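Enquirer: Just a sequence and a predicted model for now, questions to come.
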Amino acid sequence: MKISMIAIDSAEHITELACELGRQGHEVTIHTRREAPGKRRSTLANGVHIDYLAAGPEAPVDNVIPHVGEFADRLTARFAEQRPDVVHAHGWASGLAAASSAENFPLVQSYGKLSAHSRAGDRATLARLERALGRTAQASIVGCLQDKDELVRLGVPRSRIRVVPQGVDTGEFSERGPAYPTGRRKRLVMVHGPAPETGAGAVVQALSRIPGAELVVAGGPPQEDLEFDADANRLRMLAKEHGVDDRLILLGQVPRKQMPKLLRSADLVLALPEYDPYGTVALEAMSCGVPVAAVASGGYADLVIDNVTGILLRPCGSGQLAARLRTLFADPVHLEALGIAAADRTRSRNSWSRIAAETAALYESVTDQLVAA
């Protein structure tokens, strides 16, 4: 099958899916906007290519919307040269371009974070776009059941919506491999940075009631810039107020290749942002055999089986959070069992080979539907 993937603003988040589809025998071309002079086409893997289309300046831009029309024109020309069997748009901006360029091709739409959970932009306008794209595409892909319900609420037919969770490289993120050094303390790890919306402040407050535990926070600015970061300084002051500043470790940005080592060093990984459609942090930790405590929403609610592969948290105060974490740490056998079950679940449900096969099956389904029509 010849697959065209549209990612106007960034191709990085779909390369693993594309490469696995290539390994399964499909021909994949990722169409993205050219952000550097001279870039035309590159090869990712056997049968997988990236096509860089000129649309706007050959440089990164903060807003791709003014360039969607030009990008769509370039796409139309490409499709005239080489007809794909199916077009898969990633993100609503890519969907706008694809909808006007792929009128005669089966169209699959993925959304990422829906407008209902967005803090930026005109949410009403975005919701109308999501509804229009969902009604135009032969199928929509979302990362969790909560987003499926949200699209149905917007008026997208339920029969056209498929939940396909995020995949994980179970070879890179595995129980086996090196880990960051640890001491005698139980280690809590968070990787969304020190900003208030990550929930790091609540964990710092809870830490004062969890003796013998430390909190490692990755993410945010590079480590050398942490002393100038308002969120990092706010978290340090909070830790000092609660007498746990010696048990708070701020790492700043952690290179992607180092993330498995960090996760393996944890006794428990905390995923507390208000919403994540894919629950990537929880997924990668689980794949490393590390149990997670995550908010009961979005992708986390689908990934984590409460008290089987981790624990799901409802809104609560720092005292209740501390009590739950103390209970976990007081039963190391149960904690280890959670990690074992977590790794088993991700290997069976979230390997890229399975996610790609599910996605390809959807492609086949919408292609057959268009032929039948």
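Expert: Received, thanks. Numbers count the residues shown, from 1 in each chain.
Enquirer: The top helix by length along the chain: how far from the chain's middle?
Expert: The longest helix of the chain (DSSP state H) is helix 352-372. In terms of C-alpha atoms, centre = their mean, to the nearest Å, the centre of helix 352-372 is found 21 Å from the chain centre.
Enquirer: Which elements pack onto that helix?
Expert: helix 15-23, strand 86-90, strand 107-110, strand 139-142 (3 or more C-beta pairs under 8 Å, 6 or more residues apart in numbering; DSSP states H and E). (Glycine included, C-beta is placed from N, CA and C.)
Enquirer: So for residue 156, which of these sits nearest?
Expert: Among the helices and strands packed on helix 352-372, the nearest to residue 156 by C-beta to C-beta is strand 139-142 (6.2 Å).
Enquirer: Check which helices and strands the closest one sits against.
Expert: Using 3+ C-beta pairs under 8 Å, 6+ apart as the contact definition, the elements that strand 139-142 packs against are strand 107-110, helix 145-154, strand 161-163, helix 352-372.
Enquirer: Next up, phi/psi of residue 62, please.
Expert: phi -80, psi -30 (degrees, to the nearest 10).
Enquirer: residue ranges for the strands of the stretch 1-150 of the chain, please.
Expert: Remark: strands of the stretch 1-150 of the chain, listed N- to C-terminal, are 2-6, 27-33, 41-45, 48-53, 86-90, 107-110, 139-142; assignment by DSSP state E, counting those that start in this stretch.
Enquirer: Lowest average confidence across the helices and strands packed on strand 139-142, which one?
Expert: Set side by side, the helices and strands packed on strand 139-142 show their lowest mean pLDDT on helix 352-372, which sits at a mean of 89.
Enquirer: angle of that one against strand 27-33?
Expert: Taking axes from the mean of the first three to the mean of the last three C-alpha atoms, to 10 degrees, one finds helix 352-372 and strand 27-33 inclined to each other by 90 degrees.
Enquirer: Give me the buried stretch members for helix 352-372, please.
Expert: The neighbour-count criterion (16 or more other C-beta atoms under 10 Å) identifies 352, 354-356, 359-360, 362-363, 365-367 as the buried residues of helix 352-372.
Enquirer: what is the orientation angle of it with strand 86-90?
Expert: Note on geometry: by the same axes, to 10 degrees, helix 352-372 and strand 86-90 are set 120 degrees apart in direction.
Enquirer: Show me the contact partners of helix 352-372.
Expert: Surrounding helix 352-372, the residues in contact under the criterion C-beta atoms under 8 Å, 6 or more residues apart in numbering are 1, 3, 16-17, 20-21, 23-24, 26, 85-86, 88, 106-108, 138-139, 141, 162, 164-170, 348.
Enquirer: Of these, just the buried ones, PyMOL syntax please.
Expert: With 16+ other C-beta under 10 Å as the criterion, this PyMOL line picks the buried residues out of the contacts of helix 352-372:
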select buried, resi 3+16+17+20+21+24+26+85+86+88+106+107+108+138+139+141+162+164+165+166+167+168+170
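Enquirer: For residue 277, see how far away residue 124 is.
Expert: Using C-beta to C-beta, to the nearest Å, residue 124 is found at 20 Å from residue 277.
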